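Asks: Give me coordinates for this.
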Amino acid sequence: MKIKSNSTMHFLKISLLFFSISVFSQTKTYELIDSKLECHTVITKRVNQRIISSNIEKDTLFIKIQYIENCNNGDILNYSIKKDTISFNFDFSSKKIADCDCVFTNNLKIKKPKIKNPVFKINNTHGIKELKLSDNYYLPAEYIIKNNDTLMIYDDNGYEFSRSFYESGKIHSLTIKKNSYNERIVYYENGKTKSIRQSLPDFDHYILREWDENEKLIKFESTIEIGNITPTQEQQSNGAILIISKEKNVKEN
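Replies: Here you go, the predicted model:
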């Protein structure tokens, strides 16, 4: 009888343990108190998905986040809590998927969680991504070597630099990209510039210049009418570095 009693107690302890684990690991879903969503740009390359700010007032958590999601699916449906993780969930069924993504910011209000140091994640059409507090709009700088002859450099301001080299080790080309701007410079092996192509693929615009080895301009092509190469002070303060126009429609870039 004693053996049976011990076996029963052992079974009860194991059952209680599994019950506790099951209850603790359950995911609970909650509704948002408020959400204010904005789509800032459809250019998403190397954007840092992050927490912009977070603070608690009384029993409410105010959190502003930045993330990439399909243009038609930026709204957060609800959030769930499992252990120390808070996941913001998106709708996977009822909305039509667009052929573009967007950089969204969302000012959220949720009930103050009973977690000391919560981990925040988003769960959308791009998968599950952890969000961390950051002041940087773009991802940190990094570099990658491709095919043993190309050096890819990504800075923390959204620029992408790609350099390729001759077998001698001298630079062959330099490509600079940011958002819809693309510039490619090709060099002769003696270091002199062979060509420069500046383009705005999204607008089907480009300027191409080519030189011979004596630095004589031998080719010039342009789909762009230069309206005014020097922006006004006000335009410069808004980030303009060049004014270009086509059919008298001015585009600030």
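Asks: hey, what's Asn89 bridged with?
Replies: Asn89 forms beta bridges with Asn78, Asn123, as assigned by DSSP bridges.
Asks: how close does the spatially most central residue of the chain get to Lys36?
Replies: Residue closest to the mean C-alpha point of the chain, counted by CA atoms, centre = their mean, is Val47 at 2.4 Å. Distance, Val47 to Lys36, by CB to CB, to the nearest Å: 19 Å. The C-beta positions use only the backbone N, C-alpha and C, and glycine is treated the same way.
Asks: Do I have it right that the residue nearest to the centre of the chain meets Tyr138?
Replies: Yes: Val47 is within contact range of Tyr138, at 6.4 Å (criterion: CB atoms under 8 Å).
Asks: if we can go back for a sec, which residues sit in contact with the residue nearest to the centre of the chain?
Replies: Neighbour list for Val47: Gln66, Ile68, Val103, Tyr137, Tyr138, Leu139, Gly158 [criterion: CB atoms under 8 Å, 6 or more residues apart in numbering].
Asks: Check Lys58 too.
Replies: Lys112.
Asks: go again using 6 Å as the cut-off
Replies: Contacts for Lys58 (CB atoms under 6 Å, 6 or more residues apart in numbering) come out as none.
Asks: what's the distance between it and Lys109?
Replies: 12 Å.
Asks: next one: Ser168
Replies: Distance, Ser168 to Lys109, using CB to CB: 61 Å.
Asks: Specify which residue of the two has the higher count of neighbours.
Replies: Set Ser168 next to Lys109 and count neighbours by other CB atoms under 10 Å: Lys109 wins out with 14 against 8.
Asks: so what's the backbone phi/psi at that one?
Replies: Lys109 has phi and psi values of phi -120, psi 120 when expressed as degrees, to the nearest 10.
Asks: Contact partners for it?
Replies: Here Lys109 is in contact with Ile33, Asp34, Thr60, Phe62 (CB under 6 Å, 6+ apart).
Asks: Only the buried subset of those, as a PyMOL command please.
Replies: Here is the PyMOL command that selects the buried residues among these (16 or more other CB atoms under 10 Å):
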select buried, resi 62
